[in-house]
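Enquirer: I'd like to go over a predicted model; first the sequence, then the structure.
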Amino acid sequence: MEHSIALVTGTTSGLGYAAANTLARERWSEIIVTGRSLAGIKETVAQLEAETKKPVFTPLELDLDRPSSVQSALAELVKLGRPIDFLLLNAGMVPGKKRVLTAAGVEASQAPLIGHHQLTVGLLRANLLSPNARIVIAGAEPARGGVPMFSYTDVAAFAASHHRGDRSAAVEALLRSGPDVKYVPNNAYADAKLVVAWWVAALARRLPSGMAVYAVSPGGATATKVVRNVSPVLRYLFIPIVNLIPGMNQTPETAAGRYLQASEFGTDVSGQFFASAQGKVSGPIEAQRHPHLHDQASQEAAWKAVVKVSGVDFSSAAN
Ligand SMILES: NC(=O)c1ccc[n+]([C@@H]2O[C@H](COP(=O)([O-])OP(=O)(O)OC[C@H]3O[C@@H](n4cnc5c(N)ncnc54)[C@H](OP(=O)(O)O)[C@@H]3O)[C@@H](O)[C@H]2O)c1
């Protein structure tokens, strides 16, 4: 891909910051970086420019919890009028003990996907993704299972027991952390990243032929602020102990490098979820083969739920 224009969400800390920094060093000509407030993201830009000595960053206010903020960001991008080659949908969070819903009634760790969907569809509608654009969204290993202390919901079983078999209604309940969902923060996070993996597969079927989208787990990198909401036991006991085990933690730069690696993958693997090998949270990334990730009925149910909750449908945009 020609190294031209990238947009990175959630750049005020952690992996988004590291990714923007690396892209500048790799000579991308413009990197649009986002933060919830313009003042905050301008500070980040000053820091990035001081570190990289490259005046290539454009600050953009984007709070993915607020549809109005996504709309304003899109209006700014239309004004800039430059098609994006690499869209890195990195923003995300591990939720805390207390269930938090946005003003739009979306569970806090699910909200970034809703905002990212609104942003991506808005860019597609405005013709602001280049014909060979690559879209990478942050996934995480808990979406495939086998990560201690995190479990994802068996959506087919949950749909059967609580939603008369309607998987889309079941995913909507997870997005909204509805009354029939038992809120457990780590499981909410696993579900959020599972919906991300399904959304990617469904979006891949809808993208123009030259474009591609992947979910990519950056893997473990606990030096970021990702653990800010987790329980003290997890934060101060479990994570430091686990970090002593070789291969259980990486620098933010290494973790962000996985996003950039995937941005060079082909259209043949569009729609897939790339993560560490089973049992690992670092090392090379590989396409995940777990059957629940490849269940097309669940992928389409997730797409339908995201469309409903976000109020934005891409099929109508494509027509
Ligand atoms: N670090 C890891 O071990 C790890 C492992 C697997 C996956 N991931 C994923 O990697 C991504 C980056 O995480 P990180 O480790 O860099 O964490 P981080 O240091 O907490 O950075 C997260 C970034 O996302 C932004 N953000 C979160 N929710 C947002 C929202 N609703 N609207 C706008 N911005 C929002 C944050 O902004 P504010 O500070 O303003 O909230 C921040 O800039 C996340 O999607 C995370 O789930 C991380």
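Expert: Good, I have the coordinates. Numbering: from 1, shown residues only.
Enquirer: elements contacting the helix or strand residue 186 falls within?
Expert: Assigned by DSSP states H and E, residue 186 belongs to helix 185-204. Contacts defined by 3 or more CB pairs under 8 Å, 6 or more residues apart in numbering; DSSP states H and E place helix 185-204 against helix 111-125, strand 129-138, helix 167-176, strand 212-216, strand 273-276, helix 296-310. From N, CA and C alone the C-beta is placed, and that goes for glycine too.
Enquirer: Can you tell me the strand partners of the fourth one and which way each runs?
Expert: Within its sheet, strand 212-216 is paired with strand 129-138 (parallel), strand 273-276 (parallel), according to DSSP bridges.
Enquirer: Next secondary structure after that strand?
Expert: That would be, after strand 212-216 and using DSSP H and E, helix 232-233.
Enquirer: average pLDDT across that next one?
Expert: The average of the pLDDT scores along helix 232-233 is 85.
Enquirer: and that helix, how far from the chain's centre?
Expert: 25 Å (CA atoms, centre = their mean, to the nearest Å).
Enquirer: so which helix or strand takes in residue 210?
Expert: Under DSSP H and E, no helix or strand contains residue 210.
Enquirer: what's the distance between it and residue 134?
Expert: Distance, residue 210 to residue 134, using CB to CB, to the nearest Å: 10 Å.
Enquirer: How about residue 266?
Expert: Residue 266 is 10 Å from residue 134, by CB to CB.
Enquirer: Can you tell me which residues in the stretch 151-300 of the chain are near the ligand?
Expert: 217, 218, 220, 221, 222, 224, 225, 226 (CB under 6 Å from any ligand atom).
Enquirer: Hmm, residue 181 is touching residue 175, no?
Expert: No. If you go by CB atoms under 8 Å, residue 181 and residue 175 don't touch, sitting 9.6 Å apart.
Enquirer: more crowded one of the two?
Expert: Ranked by neighbour count (other CB atoms under 10 Å), residue 181 and residue 175 place residue 175 first, with 25 against 20.
Enquirer: Spit out the contact partners of that one.
Expert: By CB atoms under 8 Å, 6 or more residues apart in numbering, the contact list for residue 175 reads 106, 107, 110, 114, 195, 305, 306, 309.
Enquirer: Which residues does the second one form beta bridges with?
Expert: When assigned by DSSP bridges, residue 107 has beta-bridge partners residue 101.
Enquirer: Quick check, pLDDT for it.
Expert: Value for residue 107, per-residue pLDDT: 98.
Enquirer: Buried residues, stretch 22-29. List them.
Expert: 22, 23, 24, 28 (16 or more other CB atoms under 10 Å).
Enquirer: looking at the strands paired with strand 212-216, which is buried most?
Expert: Most buried of those by mean neighbour count (mean count of other CB atoms under 10 Å) is strand 273-276; its value is a mean of 25.
Enquirer: what's the residue lying farthest from the centre of the chain sitting at in phi/psi?
Expert: Relative to the centre of the chain, the most outlying C-alpha is that of residue 164, 29.7 Å out, by CA atoms, centre = their mean. The phi/psi pair for residue 164 (degrees, to the nearest 10) reads phi 50, psi 40.
Enquirer: try residue 5
Expert: phi -120, psi 130.
Enquirer: That one contacts residue 87, doesn't it?
Expert: No. At 9.6 Å, residue 5 and residue 87 do not qualify as touching, with contact defined as CB under 8 Å.
Enquirer: neighbour count winner among these two?
Expert: More crowded of residue 5 and residue 87, by other CB under 10 Å: residue 87, with 26 against 22.
Enquirer: Just give the number of residues close to residue 42.
Expert: Residue 42: 15 surrounding residues under other CB under 10 Å.
Enquirer: Use 17 as the first number for this chain going forward.
Expert: Done: numbering now begins at 17, and the last item shifts to residue 58.
Enquirer: contacting residues around it?
Expert: Contacts of residue 58 by CB under 8 Å, 6+ apart are residue 75.
Enquirer: if I look at it, how far off is residue 49?
Expert: Residue 58 is 10 Å from residue 49, by CB to CB.
Enquirer: okay, and the common contacts of those two?
Expert: The contact lists of residue 58 and residue 49 share residue 75, where a contact means CB under 8 Å, 6+ apart.
Enquirer: Contact partners for residue 80?
Expert: With the criterion set at CB under 8 Å, 6+ apart, residue 80 makes contact with 25, 86, 107, 127, 128, 130, 131, 132, 135.
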